[in-house]
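**Student:** Could you look at this predicted model? Sequence included:
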Amino acid sequence: MDNFSEFKQKVKDANDIVSVVSKYVTLNKKGKTWWANCPFHYEKTPSFAVNEVEQFYHCFGCGVSGDIFAFVQHMEGCDFYDALKILCENSGIEMPDFSHDGKDAERKKEREQIYAVLRDAALYYCKNLNSPQQAKPALDYIAKRKLDTASVRAFGLGYSLGWNEVIDHLKSKGYSLDVMQKAGIIEKNQYGKFYDVFAKRLIFPIINSNDNVVGFSARVLEPTNHTKYRNTGETPVFQKNECVYGINLIKKLRRSEALNEIIIVEGQMDVISLFKAGVKNAVACLGTALTPNHAKQLKKYCNKVVVCFDGDGAGKKATLRSLDILVSAGLDVYVAAMPAGVDPDELVLQNGVEYYRALIADAKYWVEYLILEYSKNYNLKRAEERNLFVASALNVVKKLSSNTEQNVYLELIKNISNISVDVLRRDLENIDSLKVEETKQEKVEENAGVNKENAYVKAVKFVLAALLHKKDYAELNEEVKDNLLDNDVQKLYDYIYECKTTGKTPIVSHVFDMFNVESTPIINEIVSFDFNSIIDNKNYFDDCVKLLIKSGLEIKQRDLANKISLESDIDKRKEYSKQLSQIILKLTQLKKK
C-alpha cells in the first residue's frame, strides 16, 4: 500500500478499542465511559477509563494514556509493527508487505535478529551455571554474595565459559558472526579472530521494559588488569544512557501490588541483593551517570523516587548530580543517606533488611537534603560563610511552588543559621542579587526543578482541551494561536483549526498519531483533561481565553525586554523595540476591553 498512514487508519477504524481492551481486562460501563482496574498498575478501585467515542484510554491512577495501538504494544510487550499485525489479524485485514519501505523494514528485521541472538546467548550463559565444575568461579561468587536460586533466576544470571563457546553455540542455532557482532556479543582481536567479549565473566542480562534482552553487563571473577565490569557497547537495541537495570521487574511489580516508590541504587548487585532480601522496587543505571532518559523511564511507573547511592564521596557527588535531572522530570525526589563507605548490598548483609527499610522510610525530601549538605560545606560561625550558605539554600527554596512549602524550609534554614524567617523571606524575594558560590558539585541550576504550574499553563490546557473535546462553548480565536508559546501545543491547535475550518471533526485518538502522548506531559494532560475539576461553561472558557492572551503577551514582553538589554547590535535592538511596542499596544487595548 502506497500510503501507510491510510492503512494504519483503516486498521484503527476496523478495531473498536472497547472490544480489544475487553480481551485483556473486564470493562464495566458507567455513563458514556467504560471502566476497569488498570492493567498497568495495581489498584483496588477502577480508574482506567476507555472512551468509546474518541477511541482512547486514560488511567486516572497512573496517568498512562494511548490509542488502540499503544494498548496492544503495552499488553503484548511488542513494537508498533507487531501491534499492527495483531490488530490486522483481529479484524481480518491482510497485512501488506511493507518491505518495499526500504530502510525501516531493514532496521526492523535487524533489530528482531539482534533480540533473538541476545535471548539465545542469555539462555546459553544461564544454562552454564548448571555445570558445577566449569562454572565454579561464578557459583563461588554467587555463594559468596549469598544470592539464592530464586534471585539468580529472576535476573537471569549466567556465566561465560571461555572465549569461543558462545560463538559455537550461536552458530549451531543458525546465527551469523555479523549478527553476533552487531549485538555486541563478539569482537575481533588483533589477529582478526572473533572472541566472546564477556569471556570467563559472570553475566548479568540487561532486560528492557518489554522483556527483551538488549545487552549484558559482565563481572570479572579472577584478578585481572581489565575493568571489573564490562557492559555491551552501543548497538541498534542498546543505549546505555537509556537502560535502567531491573525496569522489567518494576513493570511486573506494579501490576501485582501498589508501587509507592522506586529506589535508585548504584549497581546491579545492589538491585539483586535487595531483591533477595525482599526489597523488590530497586533499580540501577549500569555504572553510568543518571540521565534524563533514565528519569523519563522511571516516571512511567512511579512519581516518587528515593536516591540511595553509596555512602562515599563518589556516591554523594553522583547524588547531587542526579537531583536536577530527577526533579526536572517532575518526580518527587527523596534521598536516603547511606553510612560512609557502605553500599546497600553490604548494609543489608550486615544489618538486615529492616534496618535498610527504616533508612529508606527516613529518606529526606531533596530540598531538605541539599540544605543540610550545604550547611556541612561552610563554617557557619563566620559571617561571610554563613551568608554563602544562606544564599545557596535560598536558591533551592525559591524553586518550590507554594509559600507553605517555602516556609517549612525557611524554618530549617533559620534553625541552622540563626537568621529570622522574616529576614530570610525578604532575601528570598531578592534572591537574584545575593552572592552564591557556584561549584560543579554544589550548584543547583536555576532552571532545574519543580514544574510550577501557573495560571497561563492552566488556561492553555483548558482552552485546548475544550476545543479538542468539542465543547459547545469552545470557539477558535486567532489571538489564542498567536500566544501559544509551546511548539507541541501550537501543533495541536493547528490540527484542531484545520479540522474545524474544513468541516471535519477533531478526533482525540488521532492525537496519538501526532505525538508520543505519554512522553509529552502537556499534550497528555490536554487529552485526558478532567472537566469535573473546573467550572465547565462558556464564561470560564472566555475568561481563560482572555488570561491566555494577556499572559502570553506579557511573557513575550519580558522576553523582548531581556533581549534588548543584552543585545549590542543597534539594528537588532531597533527590531526588538518595534516588536515590544506592538505588544505593549496590544496589552493596552486588552485593558480597555
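**Tutor:** Sure, I can see it.

**Student:** what's the weakest-modelled helix or strand in this protein?
**Tutor:** Using mean pLDDT, DSSP states H and E, the weakest-scoring helix or strand in the chain turns out to be helix 570-592, at a mean of 85.

**Student:** Count the neighbours of the closest residue to residue 332 other than its chain neighbours for me.
**Tutor:** Residue nearest to residue 332 in three dimensions, not counting chain neighbours: residue 304, with 4.4 Å by CB to CB, 6 or more residues apart in numbering. C-beta here means a position set from N, CA and C on the backbone, and glycine is covered the same way. A total of 15 residues lie near residue 304 under the criterion other CB atoms under 10 Å.

**Student:** can you check residue 5 too?
**Tutor:** Neighbour count of residue 5, defined by other CB under 10 Å: 9.

**Student:** which residues touch it?
**Tutor:** Taking CB atoms under 8 Å, 6 or more residues apart in numbering, we find residue 5 in contact with residue 513.

**Student:** Equivalent analysis for residue 519, please.
**Tutor:** Residue 519 sits next to residue 296 when contact means CB under 8 Å, 6+ apart.

**Student:** Return the set of buried residues in the least confident helix or strand of the chain.
**Tutor:** In terms of neighbour count (16 or more other CB atoms under 10 Å), helix 570-592 has its buried residues at 576, 579, 580, 583, 586.

**Student:** And for stretch 116-135?
**Tutor:** 116, 117, 118, 120, 121, 122, 124, 125, 126, 128, 129, 135.

**Student:** Can you name the residues in contact with that stretch?
**Tutor:** 138-139, 142, 152, 156-161, 166, 169-170, 173, 175, 179-180, 183, 185, 198, 203, 205, 212-216, 237.

**Student:** Try it again at 7 Å.
**Tutor:** For stretch 116-135, contacts defined as CB atoms under 7 Å, 6 or more residues apart in numbering pick out 138-139, 156-161, 166, 169-170, 173, 175, 179-180, 183, 185, 203, 205, 213-214.

**Student:** buried subset of the residues you listed?
**Tutor:** Restricting the contacts of stretch 116-135 to buried positions leaves 138-139, 156-161, 166, 169-170, 175, 179-180, 183, 185, 203, 205, 213-214, with burial counted as 16+ other CB under 10 Å.

**Student:** Cross those against helices and list the overlap.
**Tutor:** Mapping the buried ones among the contacts of stretch 116-135 onto helices (DSSP state H) picks out 138, 139, 166, 169, 170, 179, 180.

**Student:** Report the separation between the fifth one and residue 122.
**Tutor:** Same thing as residue 170. As judged by CB to CB, to the nearest Å, residue 170 and residue 122 stand 11 Å apart.

**Student:** which ones are touching residue 11?
**Tutor:** So residue 11 contacts 84, 87, 88, 91, 93 (CB under 7 Å, 6+ apart).

**Student:** okay, and for this protein, where does confidence drop off?
**Tutor:** 1-2, 97-105, 287-288, 431-453, 593 (pLDDT under 70).

**Student:** I'd like the domain boundaries of it, if you could list them.
**Tutor:** In terms of domains, the chain is parsed into 4-96, 103-231, 259-362, 369-433, 455-592 (source: automatic domain parsing).

**Student:** would you turn the ones you listed into JSON lines with distance to residue 251?
**Tutor:** JSON lines is the format used below for those (distance: least, CB to CB, whole Å):
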{"stretch": "domain 4-96", "distance to residue 251": "8"}
{"stretch": "domain 103-231", "distance to residue 251": "5"}
{"stretch": "domain 259-362", "distance to residue 251": "6"}
{"stretch": "domain 369-433", "distance to residue 251": "28"}
{"stretch": "domain 455-592", "distance to residue 251": "14"}
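
**Student:** Tell me how far residue 292 lies from residue 329.
**Tutor:** Noted for residue 292: a distance of 7 Å to residue 329, by CB to CB.

**Student:** Check residue 404 too.
**Tutor:** Taking CB to CB as the measure, residue 404 falls 23 Å from residue 329.

**Student:** When these two are compared, which one has more neighbours?
**Tutor:** Shown here are residue 404 and residue 329; by other CB under 10 Å, residue 329 has more neighbours (20 against 8).

**Student:** Touching, the more buried one and residue 299? I think so.
**Tutor:** Yes - using CB atoms under 7 Å, residue 329 is in contact with residue 299, at 5.4 Å.

**Student:** in the longest helix seen in the chain, what counts as buried?
**Tutor:** As assigned by DSSP H, the longest helix anywhere in the chain is helix 538-566. Of the residues in helix 538-566, 541, 544-545, 547-553, 556-557, 560, 563-564 count as buried by neighbour count, 16+ other CB under 10 Å.

**Student:** go on, stretch 6-14?
**Tutor:** 7, 8, 11, 12.

**Student:** Next secondary structure element downstream of the helix or strand the last one falls within?
**Tutor:** Under DSSP states H and E, the secondary-structure element containing residue 12 is helix 4-14. Following the chain from helix 4-14 toward its C-terminal end, the next helix or strand by DSSP H and E is helix 17-21.

**Student:** which helices and strands sit right next to that next one?
**Tutor:** Packing partners of helix 17-21 (3 or more CB pairs under 7 Å, 6 or more residues apart in numbering; DSSP states H and E): strand 48-51, helix 68-76.

**Student:** mind redoing it with 8 Å?
**Tutor:** Judged by 3 or more CB pairs under 8 Å, 6 or more residues apart in numbering; DSSP states H and E, the packing partners of helix 17-21 are strand 33-36, strand 48-51, strand 56-59, helix 68-76.
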